[in-house]
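In: Based on what follows, work out the 3D shape:
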Amino acid sequence: MSTQSLTQPVALPAHPRTYVVRTLGCQMNVHDSEHMAGMLEDAGYARASAEAEAAGEVDVVVINTCAVRENAATRLYGNLGQLASVKAQRPGMQIAVGGCLAQKDRGTIVSKAPWVDVVFGTHNLDALPVLLERARHNEAAQVEIHESLQVFPSTLPTRRESVYAGWVSISVGCNNTCTFCIVPHLRGKERDRRPGEVLAEVEALVAAGAIEVTLLGQNVNSYGVEFGDRGAFAKLLRACGRVEGLERVRFTSPHPAAFTDDVIAAMAETPNVMPQLHMPLQSGSDRVLRAMRRSYRSERFLGIIDKVRAALPDAAITTDIIVGFPGETEEDFAETMRVVEASRFSSAFVFQYSRRPGTPAADLPELPKDVIQDRFERLLALQERISAEESERQVGRTVEVLVMEGDGRKDGETHRVSGRAADNRLVHVALPPALARLARTGAEGKSDPRLVEGTPLPRPGDLLTVEVTHGAPHHLLADSATSGGPFEVRRTRSGDAWVQRERARAGLGGDEHAHAHGGAATPGQPVLLGMPTLTSRA
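Out: Residues are numbered from 1 along each chain as shown. Model (predicted):
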C-alpha cells in the first residue's frame, strides 16, 4: 500500500468532473458519505444530477460500504457489476469503494472487480481525492487502508444532505467485544471528540438553519471515557439544551450496559432532547447475551425501559434484535419473545443471524436456516402487533411534526405531506382543502408553490401542529385538517433555508452552498467542522 503524502493539491480540468456517492449501511455511513461529498467538492468536483446518474453520465462513482450484514458483499458486487458496463462506455470514468467492507476486504475488491480504481478504508476518508487523482495519473488501481484513524472525520469538509437536520459525530469506534459484531475491528477503538468541538459543530449547523441534530456514536453513552469523564454524555445533552435555536436533539445508539440514570435525567430535564430512545436488545435470553458478550441481562434492560418511561411517559423506544444466534434454543427464543412483549417497542429492526468472518462467533455452529426463518417470522408478527397497538394509542393526540423532504403518503383529496413527530414516529399529514388545491399545482408540473414568498404551504423544515387520526404499525395519519380539526404551520429558519437552496437549484436566486455545506460563510467552501465558522443566526 502506498505511503505517499496526501497533502499535495489535486489538479482538476477546467470543467469540473462530476461525482455521486452511493451509501450502503448505517447512520454512521450516511454521515461519512457527507464527508466524502464535501471533500470532493472542496477538491473541485461537482455533484452529478439524478438525471445524469440515471443516464450513466457521471465521472466518479463512490460506493460507501457496510460490512455488518451477510449481504453486504452481494450488494457491493451487484453495484460494481452494473457499473462495469457503464464504465466500458465512458472513458475516464472512475469507481471508488470505501467504508467498512473496503477496510475488511482490501485488495480482494480489485481482484474481483478489476475495473475499480480506488479502495480506501474507514480510517483514511481524507485520502479519497488524492487517490482518485493518483489512479488517473498512474493508470492503475490505488488501494490504501490504514489500521488506525488518521484524521477525525468531523474535521473534514462536509456536504450536508439536509438543511433542517444534521448528524454530528461525538465519537468513532467501539470498545465493546460483542462476538457477532465486526465493527470494532473495522472502525477501531473508541475515540471521543472534546465537548467544545461537538458543540461548535452543533452551533454551526444551527447558524446555517438546522433545527434538529442527531448525536452519533457506536456507543454514545460511553462518551467521555477517553478523556476521563463518565458523565460527559449527560452533560453534553444538557449543553445542547442551551444552544439557542436548536429545537430537537436525538442520539443513537446507546449500549444498555453503559446506560446511566444521569442520562435519563438529562433527557427528561432538557426540553429539546426528544422523547425517543433506540436501544439495542439483541436477545432477551441471558444465556445468549452472555454468549454474545453483551454485558447486561434482560432484567437490567427492562429496568432501564421502566425508568425511561417513568421519566418520559410518552417516549417511543425502538431496538435491534438478532434471531438465531449460534446455540439459541427454543427456550432462549421464548425469552426474547417475553422481553419484547414486556418492552412494548414502537418498532424493532429484526435480523436473522449472519456469520461474519473475523468475529468470535464466526466459528460457532450455525442453526438450520428453516429454524431461524421460523423464529424470525414469529418475532416479526409479535412486533407488528405491538407496533400497531402502540400506534393506535396515539390516536387523538396532538403532535408537532417536522416536515421532511420528498413525497409523502398522498391521495387526490388530501395531498398529504410527511414528517417526524417529537418521538420520531413517521406521520403523514393531510393539508386543509384550500392548501391541498394549492399544493396540487406543483404536482401538475407547474413551478413549486412552496418557493413563492409568503406561501401558506408548509415547507421542509417547518413544523405542523396536528391531531393523529389513525395509527398503523409503521406510520400515523393526521387528517384532522380535512374536517376542521387542529392544523397549524409554524415557519422556521430551516424552512427558509430550504427555500433558499431550492431557489438556487432552480436558478431563481439564492445561495445553495451556504446551506448545502452546513453553514459555510463563503459560497462553494465547505465548513471545516472541527473549527467551524459561525454565521449570524436569523
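
In: Restricting to C-alpha, output the lengthiest helix in the chain in PDB.
Out: Longest helix in the chain, counting residues (DSSP state H): helix 369-392. What follows is helix 369-392, C-alpha atoms only, in PDB (Å, rounded to 0.1, in the frame of the first residue of the first chain):
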ATOM      1  CA  LYS A 369     -31.900 -21.900   8.200                       C
ATOM      2  CA  ASP A 370     -35.500 -23.000   8.500                       C
ATOM      3  CA  VAL A 371     -35.400 -22.800  12.300                       C
ATOM      4  CA  ILE A 372     -34.000 -19.200  12.000                       C
ATOM      5  CA  GLN A 373     -36.600 -18.300   9.400                       C
ATOM      6  CA  ASP A 374     -39.500 -19.600  11.600                       C
ATOM      7  CA  ARG A 375     -38.300 -17.700  14.700                       C
ATOM      8  CA  PHE A 376     -37.800 -14.600  12.600                       C
ATOM      9  CA  GLU A 377     -41.400 -14.700  11.300                       C
ATOM     10  CA  ARG A 378     -42.900 -15.300  14.700                       C
ATOM     11  CA  LEU A 379     -41.000 -12.400  16.300                       C
ATOM     12  CA  LEU A 380     -41.800 -10.200  13.400                       C
ATOM     13  CA  ALA A 381     -45.500 -11.000  13.800                       C
ATOM     14  CA  LEU A 382     -45.400 -10.200  17.500                       C
ATOM     15  CA  GLN A 383     -43.600  -6.900  17.000                       C
ATOM     16  CA  GLU A 384     -46.000  -5.900  14.100                       C
ATOM     17  CA  ARG A 385     -48.900  -6.500  16.600                       C
ATOM     18  CA  ILE A 386     -47.300  -4.400  19.300                       C
ATOM     19  CA  SER A 387     -46.300  -1.700  16.800                       C
ATOM     20  CA  ALA A 388     -49.900  -1.500  15.600                       C
ATOM     21  CA  GLU A 389     -51.300  -1.300  19.200                       C
ATOM     22  CA  GLU A 390     -48.800   1.400  20.200                       C
ATOM     23  CA  SER A 391     -49.600   3.400  17.100                       C
ATOM     24  CA  GLU A 392     -53.300   3.100  17.800                       C
END
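
In: That helix - contacts with which helices or strands?
Out: Here helix 369-392 touches strand 316-323, helix 330-343, strand 347-352, strand 470-472, going by 3 or more CB pairs under 8 Å, 6 or more residues apart in numbering; DSSP states H and E. Quick note: C-beta positions are derived from backbone N, CA and C, even for glycine.

In: Would you mind finding the most buried of the ones you listed?
Out: Highest mean neighbour count of these: strand 316-323, a mean of 22 (counted as mean count of other CB atoms under 10 Å).

In: Summarise which helices and strands it is packed against.
Out: If contacts are counted by 3+ CB pairs under 8 Å, 6+ apart, strand 316-323 sits against strand 276-278, helix 298-311, helix 330-343, strand 347-352, helix 369-392.

In: ok, now which ones touch I109?
Out: The contact partners of I109, by CB atoms under 8 Å, 6 or more residues apart in numbering, come to L76, V97, L101, A102, V116, V119, V143.

In: For D192, state which of these is nearest.
Out: Distances from D192 to the contacts of I109, taken as CB to CB, are shortest for A102 (24.5 Å).

In: Pull up the gap between that closest one and E147, please.
Out: 13 Å (CB to CB, to the nearest Å).

In: Equivalent analysis for S154, please.
Out: Taking CB to CB, one finds S154 at 20 Å from E147.

In: Please apply the same query to K112.
Out: Distance from K112 to E147, by CB to CB: 22 Å.

In: who's more crowded, those two?
Out: Using other CB atoms under 10 Å, the more surrounded residue of K112 and E147 is K112, with 13 against 10.

In: Test for you: state the pLDDT assigned to that one.
Out: Note for K112: predicted pLDDT of 93.

In: Could you look up the SS state of the closest residue to it other than its chain neighbours?
Out: Take K112 and drop its neighbours on the chain: the residue closest to it by CB to CB, 6 or more residues apart in numbering is Y77, 6.7 Å away. The three-state assignment at Y77 reads helix, by DSSP: H, G, I helix; E, B strand; the rest coil.

In: ok, now which ones touch I211?
Out: I211 neighbours (CB under 8 Å, 6+ apart): Y164, A165, G245, L246, E247, R248, L402, G461, T492, R493, S494.

In: Most neighbours out of these, which is it?
Out: Y164 (30 neighbours).

In: still on that earlier bit, the residue nearest to K112 and V116 touch, don't they?
Out: No - in this structure, Y77 is not within contact of V116 by CB atoms under 8 Å, at 10.4 Å.

In: okay, the two: which has more neighbours?
Out: V116 (25 against 14).

In: who's in contact with that one?
Out: L80, I95, A96, V97, I109, V110, A141.

In: Report whether the expected contact of the first one with I63 is present.
Out: Read that as L80. Yes - counting by CB under 8 Å, L80 touches I63, with 7.4 Å between them.

In: shared neighbours of those two, which are they?
Out: I95, V97.

In: neighbour count winner among the two?
Out: Each of L80 and I63 has its neighbours counted (other CB under 10 Å); I63 has more, 24 against 19.

In: Three-state assignment for the more buried one, please.
Out: I63 ends up strand, using three-state DSSP.
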